[in-house]
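Asks: below is the structure, and that's it, no one-letter string:
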């Protein structure tokens, strides 16, 4: 045991000596949380639009003013012919063109009906949908202003909405769990796989293997410091989300920390497994970074909801551990539910940990070739 | 010149000797492209709905069946207990609860507007807002139907009506694959080039083989160019494969000039590889390089506008983005591929990219020391 503690101490010294890595280790989660909080939002504010007004009358003027004063649109250009549309969209100066046809004003006064066309840049589907939705809302509003006595309201069914768990519709509720889940798995997997393959590549593994330490002690000793560092990371992220974004843990903090420990353990054993299948650090880095980075961001359901993906992804994403951990954190932090709601996910994470450890033990070689 | 050629040859041999890496640099991006592109969609489908219909009148049933008929909603549960509905919401088994109160049908058309209660799981604010918008759309339709049914001359119908017709150019069906593929491809190419080039350099430092190069008469810029070139070629090759997959598997249209796209990508890659080599002149171990690289890559990716709109970022973040090469490439990719934009449409982005590429490479050459 004393030997083991000595070994762990050595590993800690190794880590603390590399000051740059240590800074990055804590800098990454902090920077990410701040970036997500302040920079990244899926909300679209102020889309650039251009107007092609061939009718040029009072009503078109009024409507275009209404568009621009709504806060959703910004006028960037006035076009004079249909041929300009392609150019303004191609250059990206506007995301959509609002077109009033030549007969717009006449149709409106003589028939009481007129139509506006909108050409949106479909290469950005989100923005395009946003623009057409808001444009319809604005025009609906405009139409309603013509009906002063509001007699249509008699028949209206209105919806009374309550947004559960996130009444102010803040983006943080999505990204804090997501960032915790993917930062932890990447850092843990990278760290463990690199530190072990490093010893292999430089041949120092041999030195460790001939020492009286048992292989299991070597592995555990290598992993313990990262376990502790990652746990500190979790606490830092939770503190940040509490202090900066005012996102408290609704449920049991103890349960959340325990689940985080389980997840860290799972990620470390994943790193261990990667280290047994890769011979050089380069391979380990390639597998853990290139292999994990995008899939964890895209497929774990933290930016893109899994339900919206094609059906098969419900099955494909089952092998991704972050998917389960995100559910766990959301339940505990945001919904404030207890263990009863997350026992399935917890069990899956435990099984995954066991599988990774089992595979690594089976593949771990005491002798180097 | 000959020195560089020999050096480049050595680098290629070295890279392709590692069996794993030489396969992975082609297999990994392609597999990821195939798996990831269909998954990245903001399109809302299958909002699981739980209905509490306390009224059970013809009108309420009509509303429910209209919801059922829309492609966005799937009525998974219907119950009479609010408690049960809330539990379903909590367990994530449904996303939205719609409650139709007693007397809903009776109240329709007599004075007060009828109200339906909606509860939405709003942890994902974007999805919540979108589903609400769709629900309101269905309700609006319902209102219109009722209005015409009751055959009451609605004032608004006799007053001026303006309607909107909209079209989406370049991507008529708003297919998300078209939008995402250029971006994901850019990320994959970057990650591969960036990591491999940097690690390759630091590895020579860490294992000491760089000393052997340092004692040769090779010039600093020759060394940097030789370290950059193989990865530039590999990344461009990856890009070509990715574009082919996009064309064949996802049917992404290719409107613009392929030559222009490759030219822009090459300049972008020089910027990225220059940054990678610059970082590696500063790091002494692969671990250090990797963490710094990880940091930069994640910041670049998240701020690049691939997943979220650039316009919604605060001013200061947009200033930082001026030096983010990914912003330019993703924009250029989308413009050239989908809209067929020509050189003069993207020239300012291209100049900015060229400036970034030059300065990163310059720094890499400048900071590379042949003495330790």
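Replies: Arrived safely, thanks for sending. Being a predicted model, the structure only gives us computed values, none of them experimental.
Asks: stretch A:6-25: end-to-end distance?
Replies: Start-to-end span of stretch A:6-25 (C-alpha to C-alpha, to the nearest Å) is 24 Å.
Asks: quick check: what element follows the worst-scoring helix or strand of chain A on mean pLDDT along the chain?
Replies: In chain A, the helix or strand scored least confidently by mean pLDDT, DSSP states H and E is strand A:157-164, which has a mean of 71. Downstream of strand A:157-164, the first helix or strand assigned by DSSP states H and E is helix A:172-202.
Asks: what residues of that following helix count as buried?
Replies: Residues of helix A:172-202 classed as buried: A:172-201 (neighbour count, 16 or more other C-beta atoms under 10 Å in any protein chain shown). Placement of C-beta: from N, CA and C, glycine included.
Asks: distance from it to the middle of the chain?
Replies: 16 Å (C-alpha atoms, centre = their mean, to the nearest Å).
Asks: and stretch A:334-345, by the same measure?
Replies: Per C-alpha atoms, centre = their mean, the centroid offset for stretch A:334-345 relative to its chain is 21 Å.
Asks: which residue of chain A sits farthest from its center?
Replies: Relative to the centre of chain A, and counting by C-alpha atoms, centre = their mean, the farthest-placed residue is residue A:110 at 52.2 Å.
Asks: show me what whatever helix or strand that one lives in packs onto, helices and strands only.
Replies: Following DSSP H and E, one finds residue A:110 within helix A:104-111. Where contact means 3 or more C-beta pairs under 8 Å, 6 or more residues apart in numbering or on different chains; DSSP states H and E, helix A:104-111 is packed against helix A:58-69, strand A:113-121.
Asks: switch to 6 Å and redo it
Replies: Helix A:104-111 sits against strand A:113-121, with contacts defined as 3 or more C-beta pairs under 6 Å, 6 or more residues apart in numbering or on different chains; DSSP states H and E.
Asks: and the next element down the chain from the strand it packs on?
Replies: Using DSSP H and E, the helix or strand that follows strand A:113-121 in sequence is helix A:125-144.
Asks: and for that next one, what's in contact with it?
Replies: Helix A:125-144 is touched from outside by A:44, A:47, A:66, A:70, A:72, A:95-96, A:118, A:120, A:122, B:42, B:162, B:164, B:166, B:168, B:174, B:176, B:179, with contacts defined as C-beta atoms under 6 Å, 6 or more residues apart in numbering or on different chains.
Asks: quick one: buried residues of that helix?
Replies: Applying 16+ other C-beta under 10 Å to helix A:125-144 flags A:125-136, A:138-139, A:142 as buried.
Asks: for those, point out the one with the lowest pLDDT.
Replies: Across the buried residues of helix A:125-144, the bottom pLDDT score, 74, is held by residue A:126.
Asks: how far does stretch B:322-336 sit from the chain's center?
Replies: For stretch B:322-336, the distance to the chain centre is 12 Å (C-alpha atoms, centre = their mean).
Asks: quick one: average confidence on that stretch?
Replies: For stretch B:322-336, mean pLDDT is 88.
Asks: pick out the residue of the stretch 1-150 of chain A closest to chain B.
Replies: When scored by C-beta to the nearest C-beta, the stretch 1-150 of chain A has residue A:122 as its residue closest to chain B, at 3.2 Å.
Asks: can you pull the contacts of that residue?
Replies: Taking C-beta under 6 Å, 6+ apart, we find residue A:122 in contact with A:128, B:168, B:169, B:170, B:171, B:174.
Asks: in TSV: these, plus secondary structure and distance to residue A:277.
Replies: Output for those, formatted as TSV (DSSP: H, G, I helix; E, B strand; the rest coil; distance: C-beta to C-beta, whole Å):
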residue	secondary structure	distance to residue A:277
A:128	helix	44
B:168	strand	46
B:169	strand	48
B:170	coil	44
B:171	coil	41
B:174	coil	41
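Asks: so where do the strands sit in the stretch 101-250 of chain B?
Replies: Using DSSP state E, counting those that start in this stretch, the strands of the stretch 101-250 of chain B run over B:114-121, B:161-169.
Asks: can you tell me which of the ones you listed is most buried?
Replies: With neighbours taken as mean count of other C-beta atoms under 10 Å in any protein chain shown, the strands of the stretch 101-250 of chain B reach their highest mean count in strand B:114-121, at a mean of 22.
Asks: given that one, what are its sheet partners and their directions?
Replies: As defined by DSSP bridges, the strand partners of strand B:114-121 come to strand A:157-164 (parallel), strand B:96-100 (antiparallel).
Asks: hey, which of these is tucked in deepest?
Replies: Per residue and on average, the most neighbours among the strands paired with strand B:114-121 fall to strand B:96-100, with a mean of 24 (mean count of other C-beta under 10 Å).
Asks: what's next to it, contact-wise?
Replies: The contact list for strand B:96-100 (C-beta under 6 Å, 6+ apart) reads B:47, B:49-53, B:55, B:60, B:85, B:89, B:116-120.
Asks: and these, which is closest to residue A:251?
Replies: Of all the contacts of strand B:96-100, residue A:251 sits closest to residue B:89, with 16.0 Å by C-beta to C-beta.
Asks: and that closest one, what's its pLDDT?
Replies: 83.
Asks: could you give me the buried positions within the helix or strand containing it?
Replies: Residue B:89 is part of helix B:82-90 when elements are defined by DSSP H and E. Within helix B:82-90, the residues scored as buried using 16+ other C-beta under 10 Å are B:85, B:88, B:89, B:90.
Asks: now swap in stretch B:63-79 and tell me
Replies: The neighbour-count check on stretch B:63-79 (16+ other C-beta under 10 Å) flags B:63, B:64, B:67, B:72, B:73, B:74, B:75, B:76 as buried.
Asks: over to stretch A:289-307?
Replies: So stretch A:289-307, judged by 16+ other C-beta under 10 Å, has buried residues A:289-307.
Asks: go through those residues and flag which are in helices.
Replies: Counting by DSSP state H, the part of the buried residues of stretch A:289-307 found in helices is A:293, A:294, A:295, A:296, A:297, A:298, A:299.
Asks: where does chain A dip in pLDDT?
Replies: A:40-45, A:144-159, A:168-169, A:171, A:365-369 (pLDDT under 70).
Asks: domain assignment for it?
Replies: Listed by automatic domain parsing, the domain ranges of chain A are A:2-40+A:171-363, A:47-148.
Asks: rebuild those domains as CSV, extending it with distance to residue B:352.
Replies: Formatted as CSV, those follow (distance: least, C-beta to C-beta, whole Å):
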stretch, distance to residue B:352
domain A:2-40+A:171-363, 20
domain A:47-148, 14
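Asks: for residue B:21, which of these is the nearest?
Replies: Among the domains of chain A, domain A:2-40+A:171-363 comes nearest to residue B:21, with 6.4 Å by C-beta to C-beta.
Asks: does any bit of the closest one sit next to chain B?
Replies: Yes. Domain A:2-40+A:171-363 reaches chain B (C-beta under 6 Å from any C-beta of the partner chain) through A:20-21, A:24, A:28, A:35, A:39-40, A:171, A:173-174, A:194, A:281-283, A:285-286, A:290, A:294, A:298-299, A:303-305, A:307-310, A:313, A:330, A:334.
Asks: so for residue B:314, which of the strands paired with strand B:114-121 sits nearest?
Replies: For the strands paired with strand B:114-121, proximity to residue B:314 was assessed by C-beta to C-beta; strand A:157-164 is nearest, at 24.5 Å.
Asks: so how many other residues sit close to residue B:205?
Replies: By other C-beta atoms under 10 Å in any protein chain shown, 18 other residues sit near residue B:205.
Asks: got a pLDDT number for it?
Replies: In this prediction, residue B:205 carries a pLDDT score of 86.
Asks: check contacts around it.
Replies: Applying C-beta under 6 Å, 6+ apart to residue B:205 gives no contacts.
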